[in-house]
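> model this:
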Amino acid sequence: MTLFEPTIEHFVTTVLVVIEPQQTVAQAARLMREHGFHHLPVMHGGRPVGVISERDILLIETLRDVDPHEVLVEEAMSPKLYLVDPEAPMRKVAADMADRHYGCAIVARGDEVYGVFTTTDALRALSVSQTIDPD
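From the prediction side, this is the model:
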């Protein structure tokens, strides 16, 4: 019996919505609500430059005298990206995310973003990992 090692491409959220750094936090919040996402890759010039999360947006929205319609995404995003290839082993990516306390990994090959792998995706993968049979 061969051990099947699932890759990120099996579990990544591929319906991808991105945002530019010069757009506002309010625009990011609207996109997240419309699509049901908790993380948005931030792209500039066709390249991933950061990620903004629902938590980042909630922080901005709770600050006194701060208008999310005036704060730019680049001011609220995290510039630290965890970029992984679609063929990366899910087990390794999930372990790295846990070790580094990342809420998501941006799945990309070069500058081409395929999707976002989140902690929710990791839990979903865990729930079905025993039932996956590659044959």
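
> So the nearest residue to Ala76 once chain neighbours are set aside, which state does it fall into?
Spatial nearest neighbour of Ala76, chain neighbours left out: Asp56 (4.8 Å); criterion: Cβ to Cβ, 6 or more residues apart in numbering. Backbone N, C-alpha and C define where each C-beta goes, glycine included. Three-state call for Asp56 (DSSP: H, G, I helix; E, B strand; the rest coil): helix.

> For the helix or strand of the chain with the lowest mean pLDDT, buried residues please.
Least confident helix or strand, the chain: helix 119-128 with a mean of 84, by mean pLDDT, DSSP states H and E. Under the neighbour-count criterion of 16 or more other Cβ atoms under 10 Å, helix 119-128 has Thr119, Asp121, Ala122, Ala125 buried.

> For the residue nearest to Ala76, the count of nearby residues, please.
22 (other Cβ atoms under 10 Å).

> so what pLDDT did the spatially closest residue to His35 that is not a sequence neighbour get?
Once flanking residues are discounted, His35 sits nearest to Val17: 5.1 Å by Cβ to Cβ, 6+ apart. pLDDT, Val17: 90.
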